[in-house]
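Predicted coordinates and the sequence they were generated for:
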Amino acid sequence: MMKVTLRKRPRNNGKISLYLDYYPPIISPKTGKSTRFEYLEMYLYNPPRDEVERKHNREVESMARAIAAERQLDRIAGRYGLSRSSEYDDFLVFYEQQMLKKSKETSNQGGWAASYKTFRKFVNDRCTFGDLKPQLINDYKDYLLTKATRIHSPMMRISESSAYSYYNKLRACVREATALGYVKQNPFDLVKGISQPEVYREFLTKEELVRLANTETRSDVMKRSCLFSALTGMRMGDIMSLTWEKIQYSDATGYFVRFNMNKTKAEETLPLSEEAILLLGEPTNPEDKIFGEYNFKLFYSELQRWLQKSGITKKITFHNFRHTFATLQLAEGTDIYTVSKLLGHKNIHTTQIYGKVMDKTKTEAMNRIHLGLKTDKNDQ
């Protein structure tokens, strides 16, 4: 027989601690291990010194008995295959599990870890599924926008884009909890979200890219991988995992690459230009990595020396070569839908960010108004 019993235990500070005794044992949502006990963190005065403390004891014990009764009903419901309440279960355990899962599925491990730790700090390490109410979400939104600091630099505020990212990761986690039945009403449905901030994406011009291609560097594999990213739009993480068996050829379409994106796990097929093929080098065994075991993250300093040697002073990271591909494609007249497909974007709105950077129609529009002023071009 399943039974939940409210029990009392004297403490050294003169109070009585209330806890639940489960038979048979349950699996603790905090540790994942079998346990007989759930400590409610509710206390009684022992003995009560006045009417105020006696009233406190009556109210607290009444609440504890109500919790015990609800837990008993939950166990009975579970025994007969009925849905049980998860209101008092630990949401932070679920959030951590989602964080670990997403960290394996995407390349954004740091972002998920930071989002989890930031929310955990906000709720002081305590949050049940039942605590997930619209007011809590609103308060967390305000916290992200006005108070939250960086995990490893507590004196520095997080950026607007980080606030947007952390908020949406929590929303994705709660959406999953709702789908699984842990949350009855998704609180995010009743809260206005954080708007995505405008993000400036640095890129290289075509002239700068040509200069880089003609500038020597001590790491040939870094140079080839960066230029390959600029010619294909592939993320550096995907490029590093490329093997020769993923490079294929068809008489109809020429060379192309088939791969699964590390970030989205979606299978992509990209045609390759002759210059992109040239950057790959000579083929070896099908299972060999094209760029070997080279770790591009360890070559950041060399990247900066390469840029400086070519006369480029922009702040460029490895990911900016993907931005360069997108921007130059749009500048050369490729329609935004095609660019979106080439980048593997699920939403064309993501691609539209690049359209704001360089738009030929803006340049053409600006040049339509002439005042007859003397310019260098007039003299040519």
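Yep, that arrived.

switch to C-alpha atoms for all contacts and neighbour counts from now on
OK.

And for the residue nearest to Val191 when sequence neighbours are not counted, the neighbour number?
Excluding the flanking residues, the one nearest Val191 by C-alpha to C-alpha, 6 or more residues apart in numbering is Pro134, at 6.2 Å. By other C-alpha atoms under 10 Å, the residues close to Pro134 number 17.

ok, now Ser103?
Neighbourhood size, Ser103 [other C-alpha under 10 Å]: 17.

Any figure for the gap between the residue nearest to Val191 and Thr338?
Pro134 is 40 Å from Thr338, where distance means C-alpha to C-alpha, to the nearest Å.

swap in Tyr354?
For Tyr354, the distance to Thr338 (C-alpha to C-alpha) stands at 13 Å.

And for Glu267?
17 Å.

Over to Tyr116?
36 Å.

between these two, who's got more neighbours?
Shown here are Tyr116 and Thr338; by other C-alpha under 10 Å, Tyr116 has more neighbours (21 against 14).

if I look at that one, how far off is Tyr140?
Distance, Tyr116 to Tyr140, using C-alpha to C-alpha: 12 Å.

Kindly report the same for Ser310.
Per C-alpha to C-alpha, Ser310 is found 46 Å from Tyr140.

what residue ranges in the stretch 51-200 of the chain are flagged as low confidence?
For the stretch 51-200 of the chain, the stretches flagged by pLDDT under 70 are 75-85, 104-109, 199.

Give me the longest helix you can find in this structure.
In the chain, taking DSSP state H as the definition, the longest helix is helix 51-79.

From the contact counts, what lies against the helix or strand following that helix?
Sequence order places helix 91-105 as the next helix or strand after helix 51-79, per DSSP states H and E. If you count contacts as 3 or more C-alpha pairs under 8 Å, 6 or more residues apart in numbering; DSSP states H and E, helix 91-105 packs onto helix 109-122, helix 160-179.

so which of those helices gets nearest Asp89?
helix 160-179 (11.6 Å; C-alpha to C-alpha).

Ile158 and Thr146 touch, don't they?
No - using C-alpha atoms under 8 Å, Ile158 is not in contact with Thr146; the gap is 9.0 Å.

Pick out whichever of those two has more residues nearby.
Ile158 (18 against 13).

ok, that one to Val123 distance?
Going from Ile158 to Val123 by C-alpha to C-alpha gives 18 Å.

cool, and Lys169?
Distance, Lys169 to Val123, using C-alpha to C-alpha: 16 Å.

With Leu209 instead?
Remark: distance between Leu209 and Val123 (C-alpha to C-alpha) = 48 Å.

neighbour-wise, which of the two wins?
Leu209 (19 against 13).

Could you pull up the mean pLDDT of the helix or strand where the more buried one lies?
Per DSSP H and E, Leu209 falls inside helix 206-213. Average pLDDT, helix 206-213: 94.
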